[in-house]
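Trainee: Turn this into a model:
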Amino acid sequence: MMADRLLGSPNARPETFGVIGARGKTSVAHALAQVLAVEMPCGVIATVGHGFPGDLKTTGDPAARGLCATLEGLCLRGARAVAIEVPFEALACSRAEDLHFTHVLFTGMDGADPSDRGASSDRADAVLRLFGSPDLKWAVLNLSDPFSKTILDALPTGVAVAGFLVERNAALPDDDVLRACDIRLRAREIAPMPRGLRLCVACETRDAHTEADFAVGLIGAFNANNLLAVLAVLLARGLPLERAARELSLIQGVPGRMECFGDAQTPLIVVDEARTPAALETALVNLRRHGPRRIFTVFGCAGERDRDSRPVMGAIAERLSDELILTDDNPRGECGETILADILAGVVDPGRVRVRRRRALAIRTAITLAGIGDAVLVAGKGHETIQEMGELKVRFSDRAQVVEALREWKEGRR
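Mentor: Modelled structure (predicted):
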């Protein structure tokens, strides 16, 4: 509160959207900033950076004054709205509790039981504190998560509710939960396309029922949850469903989060930050659903991190890929050869695996081998722009390497 007053109360000036949940926070905040830019300048504060879409600066872990200063900077640059990713830890440290959010979005607890003591209980408390934000106008809730009912029961009087439900065959929430929603949004169909998703959504208010179909250039069915959260915000702000869906169809992915490169006349290249077995499997399973002819996977494991996960990731990548190319990630102070040997320990047929220690060469090798209809997943570093090797920290971007390799791929086929 002192930082806010010192800086002229920046958090009270723009329309402010807080996004909290176990997954999807960065994607939702970034998508909101993109789609609201049609109407007004909207800044974003998220894991991938702060600023405006297409012009992000690296975000660390700001203390309260740093967060208020970032808001002030965005306001000075013309932001009339700001979408903020709110980690559970930020609320635990009271870094975001006193911000004046006009809208708060809950993406879900990701299967955690908030009634359990410990971390889950702390998360539940954090979520409820955020929905008690001063000046809150709208609560946007993932109705497929049972904790949404707890949030509803604790909402201050006068806060409107927009609920969304993605699972096509999921059971509807209790009638009292549905009646509490001023807007109810449901995905009737989610269909993967070669380079995106097509959704059919239905919207119910207290007065009307409407439906809309739209396509968006994002890979992975999990993005449907994020899209509906953003769509619910647009509807809460008064946009008709058809117009909101049309504007949402134009968004692009978050840098380094299942981010797509290429076009119909090139292989599909996807850059993702997947660094855990679960994240790598999710990326590959979702990519396969889009029907590529072959999947080439380029990845390595970070040094001085969870060594036990390396053979597990090797097994996952071999099982779910057609071609596997191992490379360095951020070896840090650990021997790169040792890291690769740990990964290969989980591979059934190491003879079919290509090893290219130089990451730029590994990316180019995969893209050179791929053809139209194929997909290449470059996993691990995502939006990072630094590679850590021993005492060296060198500038390196998977995204920039992919752009250059695709240019070379096109020139080589003229």
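
Trainee: now the helices: where do they sit in the chain?
Mentor: Taking DSSP state H as the test, the helices found in the chain are 2-6, 25-36, 64-76, 88-92, 119-130, 147-154, 175-179, 223-236, 241-248, 277-288, 309-320, 336-344, 359-369, 398-411.

Trainee: Put together TSV for these, with mean pLDDT on each row.
Mentor: Below are the helices of the chain laid out as TSV (pLDDT from 0 to 100):
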stretch	mean pLDDT
helix 2-6	46
helix 25-36	94
helix 64-76	76
helix 88-92	70
helix 119-130	80
helix 147-154	93
helix 175-179	83
helix 223-236	96
helix 241-248	95
helix 277-288	97
helix 309-320	98
helix 336-344	97
helix 359-369	98
helix 398-411	97
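
Trainee: Out of these, which is closest to residue 47?
Mentor: helix 25-36 (4.9 Å; C-beta to C-beta). Placement of C-beta: from N, CA and C, glycine included.

Trainee: how about the CA coordinates for the closest one, as PDB?
Mentor: The C-alpha trace of helix 25-36 is given here as PDB (Å, rounded to 0.1, in the frame of the first residue of the first chain):
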ATOM      1  CA  LYS A  25      -1.800 -18.000 -16.100                       C
ATOM      2  CA  THR A  26       0.800 -16.800 -18.500                       C
ATOM      3  CA  SER A  27      -1.200 -17.800 -21.600                       C
ATOM      4  CA  VAL A  28      -4.400 -16.200 -20.400                       C
ATOM      5  CA  ALA A  29      -2.700 -12.900 -19.300                       C
ATOM      6  CA  HIS A  30      -0.900 -12.700 -22.700                       C
ATOM      7  CA  ALA A  31      -4.000 -13.500 -24.700                       C
ATOM      8  CA  LEU A  32      -6.000 -10.900 -22.800                       C
ATOM      9  CA  ALA A  33      -3.500  -8.300 -23.500                       C
ATOM     10  CA  GLN A  34      -3.500  -9.100 -27.200                       C
ATOM     11  CA  VAL A  35      -7.300  -9.200 -27.700                       C
ATOM     12  CA  LEU A  36      -8.000  -6.100 -25.600                       C
END
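
Trainee: just checking, what packs against it?
Mentor: Judged by 3 or more C-beta pairs under 8 Å, 6 or more residues apart in numbering; DSSP states H and E, helix 25-36 is in contact with strand 15-20, strand 42-46, strand 81-85, helix 223-236, helix 241-248.

Trainee: Quickly run through the sheet partners of the third one, with directions.
Mentor: What it means is strand 81-85. Paired strands of strand 81-85, with direction, are strand 15-20 (parallel), strand 42-46 (parallel) (DSSP bridges).

Trainee: neighbouring contacts of it?
Mentor: For strand 81-85, the surrounding residues in contact (C-beta atoms under 8 Å, 6 or more residues apart in numbering) are 14-19, 25-26, 28-30, 32-33, 36, 40-47, 71, 74, 96, 99, 101.

Trainee: repeat that with 6 Å
Mentor: Strand 81-85 has contacts (C-beta atoms under 6 Å, 6 or more residues apart in numbering) with 14-19, 25-26, 29, 32-33, 36, 40, 42-46, 74.

Trainee: same deal with the first one?
Mentor: For strand 15-20, the external contacting residues (C-beta under 6 Å, 6+ apart) are 25, 28-29, 32, 81-86, 101-105, 127, 130.

Trainee: if you set the cut-off to 8 Å instead, what comes out?
Mentor: Under the contact criterion C-beta under 8 Å, 6+ apart, strand 15-20 has outside partners 25, 28-29, 32, 80-88, 91, 96, 99-107, 126-127, 130, 133, 229, 233.

Trainee: Buried by neighbour count, from these: which ones?
Mentor: Buried members of the contacts of strand 15-20, scored by 16 or more other C-beta atoms under 10 Å, are 25, 28-29, 32, 81-88, 91, 96, 99-107, 126-127, 130, 133, 229, 233.

Trainee: Report the residue ranges of every domain in the chain.
Mentor: Split into domains by automatic domain parsing, the chain comes to 2-248, 259-411.

Trainee: So what's the gap between the first one and the chain middle?
Mentor: So that's domain 2-248. On the basis of C-alpha atoms, centre = their mean, to the nearest Å, domain 2-248 sits 12 Å off its chain's mean C-alpha point.

Trainee: give me phi/psi at residue 37?
Mentor: phi -60, psi -20 (degrees, to the nearest 10).

Trainee: scratch that, residue 334 is what I was asking about
Mentor: phi -100, psi 150.

Trainee: Tell me how many other residues surround it.
Mentor: Burial measure for residue 334: 18 neighbouring residues, criterion other C-beta atoms under 10 Å.

Trainee: How about it, nearest residue that isn't a chain neighbour?
Mentor: What sits nearest to residue 334 in space, not counting adjacent residues and going by C-beta to C-beta, 6 or more residues apart in numbering, is residue 303, at 3.3 Å.

Trainee: Who are the contact partners of that neighbour?
Mentor: Here residue 303 is in contact with 329, 330, 331, 332, 333, 334, 336, 339, 388 (criterion: C-beta under 8 Å, 6+ apart).

Trainee: of those residues, buried ones?
Mentor: The neighbour count (16+ other C-beta under 10 Å) marks 329, 330, 331, 332, 334, 336, 339, 388 as buried among those.

Trainee: If I look at the closest residue to the last one other than its chain neighbours, what pLDDT would I see?
Mentor: Leaving aside its chain neighbours, residue 388 sits nearest to residue 330 (4.2 Å; criterion: C-beta to C-beta, 6+ apart). At residue 330, the model reports a pLDDT of 96.

Trainee: what about the closest residue to residue 354 other than its chain neighbours, neighbour count?
Mentor: Leaving aside its sequence neighbours, residue 354 sits nearest to residue 325 (C-beta to C-beta, 6+ apart; 4.5 Å). Residues near residue 325, counting by other C-beta under 10 Å, number 23.

Trainee: Tell me the bridge partners for residue 325.
Mentor: For residue 325, the beta-bridge partners under DSSP bridges are residue 298, residue 354.

Trainee: my guess is it meets residue 357, correct?
Mentor: No. Counting by C-beta atoms under 8 Å, residue 325 does not reach residue 357; the two are 10.8 Å apart.

Trainee: picking that back up, would you mind putting the buried ones among the contacts of residue 303 into a markdown table with distance to residue 184 alongside?
Mentor: A markdown table is the format used below for these (distance: C-beta to C-beta, whole Å):
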| residue | distance to residue 184 |
| --- | --- |
| 329 | 43 |
| 330 | 44 |
| 331 | 50 |
| 332 | 48 |
| 334 | 51 |
| 336 | 52 |
| 339 | 49 |
| 388 | 47 |
